[in-house]
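Asks: give me a model of this one.
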Amino acid sequence: MGDRGRLVIPAELRERAGLSEGTALILLETPTGLVLLTRSQLQELVRGDLAGLNLVAELLAERRSESAADDAA
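Replies: Next comes the predicted model:
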């Protein structure tokens with residue numbers, strides 16, 4: 001960590017990871033520590049977490065349930 005709070009990534013690691021000057025990085029805080037990802041890596045992570053979910057159907061079911069509860073009141 002640099003004196004201005006800048007994170008220094010060694011050249012060898014930057015080369016292996018395909019990082020170049022200006023590459024946008026995202027720093028995530030997790031319960032087990034910090035994770036540094038590129039935007040594409042974060043997109044893959046989120047897509048993997050959402051795979052198989054039908055968010056639209058879940059939202060519609062929730063709204064129908066709320067509407068039914070409002071109608072019953």
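
Asks: so which strand or helix has R16?
Replies: Element membership for R16 (DSSP states H and E) is helix 11-17.

Asks: counting contacts, what elements does that helix pack onto?
Replies: For helix 11-17, there is no helix or strand it packs on, judged by 3 or more C-beta pairs under 8 Å, 6 or more residues apart in numbering; DSSP states H and E. Heads up, the C-betas are built off the backbone N, CA and C, glycines and all.

Asks: what lies in contact with that helix?
Replies: 9, 20, 38 (C-beta atoms under 8 Å, 6 or more residues apart in numbering).

Asks: most neighbours out of the residues you listed, which is it?
Replies: When neighbours are counted by other C-beta atoms under 10 Å, T38 leads the contacts of helix 11-17 with 15 neighbours.

Asks: do you know how far it is from R14?
Replies: Taking C-beta to C-beta, to the nearest Å as the measure, T38 and R14 are separated by 11 Å.

Asks: same check, this time on V35
Replies: 17 Å.

Asks: can I get the contacts of helix 11-17 in JSON lines with pLDDT, secondary structure and distance to E58?
Replies: Listed next are the contacts of helix 11-17 as JSON lines, based on pLDDT from 0 to 100; DSSP: H, G, I helix; E, B strand; the rest coil; distance: C-beta to C-beta, whole Å:
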{"residue": "I9", "pLDDT": "91", "secondary structure": "coil", "distance to E58": "39"}
{"residue": "S20", "pLDDT": "91", "secondary structure": "coil", "distance to E58": "40"}
{"residue": "T38", "pLDDT": "92", "secondary structure": "strand", "distance to E58": "29"}
